[in-house]
Each structure stands twice: as C-alpha cells, then as structure tokens.
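Enquirer: Predicted model follows, preceded by the sequence.
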Amino acid sequence: MRLNQATDYAFRAVLYLAQLPTGEVVEAQAIATQECIPIRFLLKILRLLTKAGIVDSYRGVGGGYALARPPVEITLLDVLVAVGGTLQINRCLVDAEFCSKQGPSHCPVHRALGSIQETLIQEFKRYNFAQLAGNLPGSRKKQPGPYGRELPHTGAK
C-alpha cells in the first residue's frame, strides 16, 4: 500500500485550510505557494475536494477556497476517499477472484490482511484535521508538526 502524490497534496491543502480562522477564504495560489504544490495539480485536487463536500469554492472578487465543514469533522479517510485513494493492501481484499487459494474462506493470509486493512481504515478515520492542525475553532496558533517541524500559518485574505 502506498499513498499517491494527489493524496499527499490533498492532505496538505486541507491541513492548510484547517489552520485558517473559520470561514476564511484563500486563493488557490496561496495554498500552492505555501505547500509547494503545482497550481494545476492543486486545482484538480480542490475540485475533487469540493465535489466531496470537504471544501467550498467561491468565485469572483475575494473568491477562493475554504473548508466546507469544521476541521474536527474532516478525517484523513474523508480526504483519501475524496481524491480517489484507497487503503487496499492486497488485490484479493477487493476482488476474491484474485485469490490463489480458491477464495477468502480458505486463506488465512486473506483473513490476516483483511484485519490489518480494517485497522488502517480505523486509524485514518481516527485522525481529524483539527487534531492535525493542533487548533481549536478560530485559533491561529502554530503547533509542532511531525518530526518536530513547526506547522506554519500564513493566511491570505
């Protein structure tokens, strides 16, 4: 199992938006610049996140993007699914026809992998973007990120 580049960029874009004050709208270019995401790729990701109800898109003067829901209601799994990612650790967990042991009921490896995959799904559900941003509603605090790196806040208005 490996998360693709679109998933990584989507996580970073949503995290960026989660660090903004509630309802603040930011241009895609600001997200792209801050998160080092190619703008064309980011726009495709933002369309998928908008379609999934994670991000709202605003047109016109002062337009841009904002979270559609509070960060506490958006999980890593929500974002992963929105951009078409999967937590498929083996093909046989999706399609039993790929099993070389005449189906899942005869394969202890299938059962073990199924259990591991379910654990992964639950872990991706467990983490929401309020936790990841280290914020409370309306907070602009910088919090330590993974590996001790500080998660910067730079809001564009």
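Expert: Sure, I can see it. Numbering: from 1, shown residues only.
Enquirer: only C-alpha atoms for contact and neighbour calcs from this point on.
Expert: Noted.
Enquirer: burial of the spatially closest residue to Ile37 that is not a sequence neighbour, as a residue count?
Expert: Distance criterion Cα to Cα, 6 or more residues apart in numbering; nearest residue to Ile37, sequence neighbours excluded, is Tyr9 at 6.7 Å. Each residue near Tyr9 was counted by other Cα atoms under 10 Å, and the total is 21.
Enquirer: helices or strands up against the strand or helix carrying Tyr9?
Expert: For Tyr9, the element it lies in under DSSP states H and E is helix 5-18. Helices and strands touching helix 5-18, by 3 or more Cα pairs under 8 Å, 6 or more residues apart in numbering; DSSP states H and E, are helix 28-35, helix 39-51, strand 64-67, helix 76-82, helix 129-133.
Enquirer: Where does pLDDT dip in the chain?
Expert: Counting by pLDDT under 70, the chain contains low-confidence ranges at 1-2, 94-105, 135-157.
Enquirer: ok, back up a step: of the helices and strands packed on helix 5-18, give the one that comes closest to Gly114.
Expert: Gly114 lies closest to helix 76-82 among the helices and strands packed on helix 5-18, at 17.1 Å (Cα to Cα).
Enquirer: Just give me how far the closest one sits from the chain centre.
Expert: 5 Å (Cα atoms, centre = their mean, to the nearest Å).
Enquirer: Just list what that helix packs against, helices and strands only.
Expert: Using 3+ Cα pairs under 8 Å, 6+ apart, helix 76-82 sits against helix 5-18, helix 39-51, helix 108-126.
Enquirer: got the buried residues for it?
Expert: Leu76, Leu77, Asp78, Val79, Leu80, Ala82 (16 or more other Cα atoms under 10 Å).
Enquirer: can I assume Asn90 is in contact with Leu113?
Expert: Yes. Asn90 is within contact range of Leu113, at 7.4 Å (criterion: Cα atoms under 8 Å).
Enquirer: got the contact list for the helix holding Tyr9?
Expert: Residues outside helix 5-18 that contact it (Cα atoms under 8 Å, 6 or more residues apart in numbering): 31, 35, 37, 41-42, 45-46, 49, 66-67, 70-71, 76, 79-80, 83, 85, 129-130, 132-133, 153.
Enquirer: list the buried ones in that helix?
Expert: Ala6, Thr7, Tyr9, Ala10, Phe11, Arg12, Ala13, Val14, Leu15, Tyr16, Leu17, Ala18.
Enquirer: Would you convert the helices and strands packed on helix 76-82 into TSV that also reports distance to Tyr58?
Expert: Below are the helices and strands packed on helix 76-82 laid out as TSV (distance: least, Cα to Cα, whole Å):
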stretch	distance to Tyr58
helix 5-18	14
helix 39-51	10
helix 108-126	28
